[in-house]
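J.: curious how this folds, go ahead:
(one chain, ligands or ions: 1)
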Amino acid sequence: MANATNSKSRYGGSVSWNPWHGCHKVSAGCLNCYVYRMDGRHDKDASVVQKTSGFYLPVTHARGGGYKVPSGSFFWTCFTSDFLLEDADVWRGEAWRMIRERSDCAFLFITKRITRFSQCLPEDWGAGYANVSVCCTVENQAKADERLPVFQDAPIRHKAIVCEPLLERIDLSPYLGAWVGSVTVGGESGEQARTCDFDWVLDIRSQCIRAGVPFYFKQTGANFVKDGKRYRIKRALQHAQARKANIDT
Ligand code: SF4
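T.: Below you'll find the model as predicted:
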(Lines give C-alpha, C1' and ligand atoms only; values in the text may rest on other atoms or scores of the structure.)
Protein backbone atom coordinates (compact mmCIF):
# COMPACT_ATOMS: atom_id res chain seq x y z
CA MET A 1 0.00 0.00 0.00
CA ALA A 2 3.05 2.19 0.07
CA ASN A 3 1.78 4.13 -2.90
CA ALA A 4 -1.82 4.39 -1.81
CA THR A 5 -1.61 8.13 -1.57
CA ASN A 6 0.93 10.68 -2.52
CA SER A 7 0.66 12.26 0.90
CA LYS A 8 3.12 9.91 2.61
CA SER A 9 6.08 11.48 0.86
CA ARG A 10 5.54 14.63 2.93
CA TYR A 11 6.04 12.72 6.16
CA GLY A 12 8.93 11.10 7.99
CA GLY A 13 8.92 7.62 9.46
CA SER A 14 5.92 5.35 9.27
CA VAL A 15 4.39 3.27 12.01
CA SER A 16 1.59 0.68 12.18
CA TRP A 17 -1.29 1.52 14.47
CA ASN A 18 -3.86 -1.21 14.97
CA PRO A 19 -6.25 0.16 17.62
CA TRP A 20 -8.46 -2.92 17.33
CA HIS A 21 -7.95 -6.37 15.88
CA GLY A 22 -10.37 -8.76 14.16
CA CYS A 23 -13.00 -8.27 11.51
CA HIS A 24 -16.00 -9.76 9.72
CA LYS A 25 -16.04 -10.79 6.08
CA VAL A 26 -18.20 -8.39 4.14
CA SER A 27 -17.66 -9.01 0.42
CA ALA A 28 -15.93 -11.23 -2.14
CA GLY A 29 -12.56 -9.58 -1.55
CA CYS A 30 -12.59 -10.85 2.04
CA LEU A 31 -12.74 -14.54 1.13
CA ASN A 32 -9.04 -15.18 1.78
CA CYS A 33 -8.48 -12.26 4.17
CA TYR A 34 -4.88 -12.15 5.42
CA VAL A 35 -6.01 -11.31 8.98
CA TYR A 36 -7.94 -14.58 9.06
CA ARG A 37 -5.03 -16.43 7.50
CA MET A 38 -2.50 -15.03 9.96
CA ASP A 39 -4.72 -15.59 13.00
CA GLY A 40 -5.60 -19.08 11.78
CA ARG A 41 -1.93 -20.02 11.96
CA HIS A 42 -2.03 -19.24 15.69
CA ASP A 43 -5.42 -20.87 16.36
CA LYS A 44 -6.89 -17.43 16.91
CA ASP A 45 -10.44 -16.51 15.86
CA ALA A 46 -10.19 -13.39 13.67
CA SER A 47 -13.93 -12.78 13.92
CA VAL A 48 -13.50 -11.78 17.57
CA VAL A 49 -12.93 -8.03 17.53
CA GLN A 50 -10.93 -6.57 20.40
CA LYS A 51 -9.22 -3.37 21.36
CA THR A 52 -5.46 -3.87 21.28
CA SER A 53 -2.78 -2.99 23.81
CA GLY A 54 -1.55 -0.42 21.26
CA PHE A 55 -4.84 1.47 21.22
CA TYR A 56 -3.32 4.65 22.69
CA LEU A 57 -0.10 4.52 20.66
CA PRO A 58 -0.52 7.94 18.95
CA VAL A 59 -0.78 9.76 22.28
CA THR A 60 1.55 7.59 24.36
CA HIS A 61 4.39 9.57 25.89
CA ALA A 62 8.04 8.54 25.95
CA ARG A 63 10.06 8.63 29.16
CA GLY A 64 11.46 12.03 28.26
CA GLY A 65 7.97 13.51 28.15
CA GLY A 66 7.31 13.98 24.43
CA TYR A 67 5.20 11.68 22.29
CA LYS A 68 6.63 8.23 21.72
CA VAL A 69 5.83 8.50 17.99
CA PRO A 70 7.59 11.64 16.74
CA SER A 71 6.02 14.55 15.00
CA GLY A 72 5.79 14.11 11.22
CA SER A 73 5.17 10.36 11.41
CA PHE A 74 2.80 8.47 9.13
CA PHE A 75 0.39 6.04 10.81
CA TRP A 76 -0.77 3.02 8.75
CA THR A 77 -4.05 2.70 10.61
CA CYS A 78 -6.16 -0.35 11.31
CA PHE A 79 -4.51 -2.86 8.98
CA THR A 80 -5.71 -5.87 11.03
CA SER A 81 -9.35 -4.79 10.96
CA ASP A 82 -11.52 -2.17 9.25
CA PHE A 83 -11.62 1.31 10.80
CA LEU A 84 -15.35 1.58 9.99
CA LEU A 85 -16.28 -1.83 11.42
CA GLU A 86 -19.59 -1.90 13.37
CA ASP A 87 -17.97 -3.56 16.41
CA ALA A 88 -15.63 -0.58 16.76
CA ASP A 89 -18.35 2.07 16.92
CA VAL A 90 -17.85 2.32 20.68
CA TRP A 91 -14.09 2.91 20.38
CA ARG A 92 -13.89 5.07 17.26
CA GLY A 93 -14.68 8.36 18.99
CA GLU A 94 -11.56 8.01 21.10
CA ALA A 95 -9.54 7.05 18.04
CA TRP A 96 -10.71 10.20 16.24
CA ARG A 97 -9.73 12.28 19.29
CA MET A 98 -6.21 10.88 19.12
CA ILE A 99 -6.02 11.52 15.39
CA ARG A 100 -7.09 15.11 15.98
CA GLU A 101 -4.60 15.55 18.82
CA ARG A 102 -1.83 14.32 16.52
CA SER A 103 -2.51 16.80 13.74
CA ASP A 104 1.30 16.87 13.36
CA CYS A 105 1.13 13.34 11.92
CA ALA A 106 -0.75 11.69 9.02
CA PHE A 107 -3.14 8.75 9.27
CA LEU A 108 -4.29 6.45 6.48
CA PHE A 109 -6.85 3.67 6.62
CA ILE A 110 -8.30 1.34 3.99
CA THR A 111 -11.94 0.35 4.17
CA LYS A 112 -14.48 -1.92 2.57
CA ARG A 113 -17.20 -0.14 4.56
CA ILE A 114 -17.26 3.31 3.04
CA THR A 115 -21.06 3.11 3.01
CA ARG A 116 -20.87 3.47 6.84
CA PHE A 117 -18.61 6.50 6.70
CA SER A 118 -21.23 9.18 7.35
CA GLN A 119 -22.35 7.47 10.57
CA CYS A 120 -18.79 7.10 11.88
CA LEU A 121 -17.67 10.73 12.00
CA PRO A 122 -16.76 12.99 14.90
CA GLU A 123 -18.82 16.17 15.30
CA ASP A 124 -16.06 18.51 14.20
CA TRP A 125 -15.13 16.54 11.06
CA GLY A 126 -16.44 19.22 8.67
CA ALA A 127 -14.85 18.78 5.26
CA GLY A 128 -12.43 16.25 6.77
CA TYR A 129 -9.35 16.37 8.98
CA ALA A 130 -6.39 17.50 6.89
CA ASN A 131 -4.19 14.70 8.29
CA VAL A 132 -6.48 11.79 7.30
CA SER A 133 -6.35 9.81 4.04
CA VAL A 134 -8.96 7.19 3.24
CA CYS A 135 -8.60 4.38 0.70
CA CYS A 136 -11.74 2.67 -0.55
CA THR A 137 -11.30 -0.92 -1.69
CA VAL A 138 -13.20 -2.26 -4.70
CA GLU A 139 -12.48 -5.78 -5.84
CA ASN A 140 -15.10 -6.23 -8.57
CA GLN A 141 -17.54 -4.21 -10.66
CA ALA A 142 -20.46 -4.63 -8.26
CA LYS A 143 -18.49 -3.21 -5.34
CA ALA A 144 -17.12 -0.39 -7.48
CA ASP A 145 -20.66 0.59 -8.44
CA GLU A 146 -21.85 0.37 -4.84
CA ARG A 147 -18.96 2.03 -3.03
CA LEU A 148 -17.42 4.60 -5.35
CA PRO A 149 -20.42 6.95 -5.68
CA VAL A 150 -20.56 7.09 -1.86
CA PHE A 151 -16.80 7.57 -1.66
CA GLN A 152 -16.86 10.34 -4.26
CA ASP A 153 -19.42 12.32 -2.25
CA ALA A 154 -17.84 11.73 1.16
CA PRO A 155 -16.15 14.70 2.89
CA ILE A 156 -12.57 13.39 2.90
CA ARG A 157 -9.52 15.52 2.05
CA HIS A 158 -7.35 12.75 0.61
CA LYS A 159 -8.93 9.84 -1.25
CA ALA A 160 -7.47 6.86 -3.08
CA ILE A 161 -8.98 3.76 -4.67
CA VAL A 162 -7.52 0.31 -4.04
CA CYS A 163 -8.42 -2.63 -6.31
CA GLU A 164 -6.91 -5.42 -4.27
CA PRO A 165 -7.44 -8.27 -4.60
CA LEU A 166 -8.44 -7.48 -8.17
CA LEU A 167 -10.91 -10.27 -8.99
CA GLU A 168 -12.18 -9.32 -12.44
CA ARG A 169 -12.07 -6.64 -15.11
CA ILE A 170 -13.45 -3.41 -13.60
CA ASP A 171 -14.62 -0.30 -15.38
CA LEU A 172 -13.70 2.55 -13.03
CA SER A 173 -14.00 5.20 -15.71
CA PRO A 174 -17.42 6.57 -14.61
CA TYR A 175 -15.85 7.46 -11.27
CA LEU A 176 -12.31 8.60 -12.06
CA GLY A 177 -11.49 12.28 -11.81
CA ALA A 178 -9.50 14.89 -9.94
CA TRP A 179 -11.00 13.77 -6.62
CA VAL A 180 -9.08 10.46 -6.80
CA GLY A 181 -5.51 10.78 -5.51
CA SER A 182 -4.43 7.46 -6.99
CA VAL A 183 -5.54 3.98 -7.97
CA THR A 184 -3.56 1.02 -6.62
CA VAL A 185 -4.03 -2.45 -8.10
CA GLY A 186 -2.85 -5.82 -6.81
CA GLY A 187 -3.53 -9.53 -6.92
CA GLU A 188 -4.36 -11.88 -4.08
CA SER A 189 -1.77 -13.75 -2.04
CA GLY A 190 -1.93 -17.03 -0.16
CA GLU A 191 -2.44 -20.69 -1.05
CA GLN A 192 -6.02 -20.16 -2.24
CA ALA A 193 -5.31 -17.00 -4.22
CA ARG A 194 -7.71 -16.30 -7.06
CA THR A 195 -6.62 -15.25 -10.52
CA CYS A 196 -5.33 -11.80 -11.25
CA ASP A 197 -5.08 -11.22 -14.99
CA PHE A 198 -2.53 -8.72 -16.27
CA ASP A 199 -5.06 -7.62 -18.93
CA TRP A 200 -7.37 -6.38 -16.15
CA VAL A 201 -4.45 -4.49 -14.61
CA LEU A 202 -3.53 -2.86 -17.91
CA ASP A 203 -7.15 -1.97 -18.56
CA ILE A 204 -7.39 -0.03 -15.27
CA ARG A 205 -4.06 1.60 -16.05
CA SER A 206 -5.46 2.87 -19.38
CA GLN A 207 -8.53 4.23 -17.62
CA CYS A 208 -6.30 6.07 -15.14
CA ILE A 209 -4.14 7.56 -17.89
CA ARG A 210 -7.23 8.83 -19.71
CA ALA A 211 -8.54 10.37 -16.49
CA GLY A 212 -5.17 11.79 -15.38
CA VAL A 213 -5.15 9.73 -12.16
CA PRO A 214 -1.85 8.25 -10.88
CA PHE A 215 -1.76 4.46 -11.18
CA TYR A 216 0.29 1.95 -9.16
CA PHE A 217 0.66 -1.77 -9.76
CA LYS A 218 1.52 -2.91 -6.24
CA GLN A 219 1.85 -6.67 -6.51
CA THR A 220 1.01 -9.54 -8.84
CA GLY A 221 -0.57 -11.79 -6.22
CA ALA A 222 0.19 -15.53 -6.07
CA ASN A 223 -1.95 -16.62 -9.03
CA PHE A 224 -1.07 -14.36 -11.92
CA VAL A 225 -2.08 -14.70 -15.57
CA LYS A 226 -0.18 -12.93 -18.29
CA ASP A 227 -0.75 -13.44 -22.04
CA GLY A 228 -2.94 -16.44 -21.20
CA LYS A 229 -0.20 -18.14 -19.18
CA ARG A 230 -0.64 -18.79 -15.45
CA TYR A 231 2.19 -18.09 -13.02
CA ARG A 232 2.42 -19.17 -9.37
CA ILE A 233 4.42 -16.42 -7.73
CA LYS A 234 5.97 -16.67 -4.26
CA ARG A 235 5.01 -14.01 -1.73
CA ALA A 236 8.54 -12.65 -1.60
CA LEU A 237 8.52 -11.94 -5.34
CA GLN A 238 5.04 -10.53 -5.86
CA HIS A 239 5.98 -6.89 -5.29
CA ALA A 240 9.22 -7.20 -7.26
CA GLN A 241 7.44 -8.76 -10.24
CA ALA A 242 4.93 -5.91 -10.29
CA ARG A 243 7.77 -3.37 -10.19
CA LYS A 244 9.45 -5.20 -13.04
CA ALA A 245 6.38 -4.65 -15.18
CA ASN A 246 7.28 -0.96 -14.89
CA ILE A 247 3.77 0.32 -15.59
CA ASP A 248 3.27 2.81 -12.74
CA THR A 249 2.38 6.25 -14.01
S1 SF4 B 1 -12.75 -6.00 5.55
FE2 SF4 B 1 -10.55 -6.38 5.31
S3 SF4 B 1 -9.85 -7.05 7.34
FE4 SF4 B 1 -12.10 -7.25 7.29
S5 SF4 B 1 -12.48 -9.38 6.68
FE6 SF4 B 1 -12.51 -8.11 4.83
S7 SF4 B 1 -10.41 -8.23 4.03
FE8 SF4 B 1 -10.37 -8.90 6.17
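J.: may I have the secondary structure class of Val201?
T.: Per DSSP: H, G, I helix; E, B strand; the rest coil, the secondary structure class of Val201 is helix.
J.: surely it touches Lys218?
T.: No. Val201 lies out of contact with Lys218 (CB atoms under 8 Å); the separation is 10.1 Å. In this view, the C-beta of every residue, glycine as well, is placed from N, C-alpha and C.
J.: mind listing the shared neighbours of the two?
T.: Overlap of the contact sets of Val201 and Lys218 (by CB atoms under 8 Å, 6 or more residues apart in numbering) consists of Val185.
J.: tell me the mean pLDDT for stretch 24-39?
T.: For stretch 24-39, the mean pLDDT works out to 97.
J.: and it with the ligand, contact?
T.: Yes. Applying CB under 6 Å from any ligand atom, one finds stretch 24-39 touching the ligand at Lys25, Val26, Gly29, Cys30, Cys33, Val35.
J.: centroid-nearest residue for the chain?
T.: Centroid-nearest residue in the chain: Ile110, 2.9 Å away (criterion: CA atoms, centre = their mean).
J.: bridge partners for the closest residue in space to it that isn't next to it in sequence, pull those for me.
T.: For Ile110, ignoring the flanking residues on the chain, the nearest one in space by CB to CB, 6 or more residues apart in numbering is Cys135 at 4.2 Å. Judged by DSSP bridges, the bridge partners of Cys135 are Ile110, Ala160.
J.: near the ligand, which residues of the chain?
T.: Cys23, Lys25, Val26, Gly29, Cys30, Cys33, Val35, Ser81, Asp82, Lys112.
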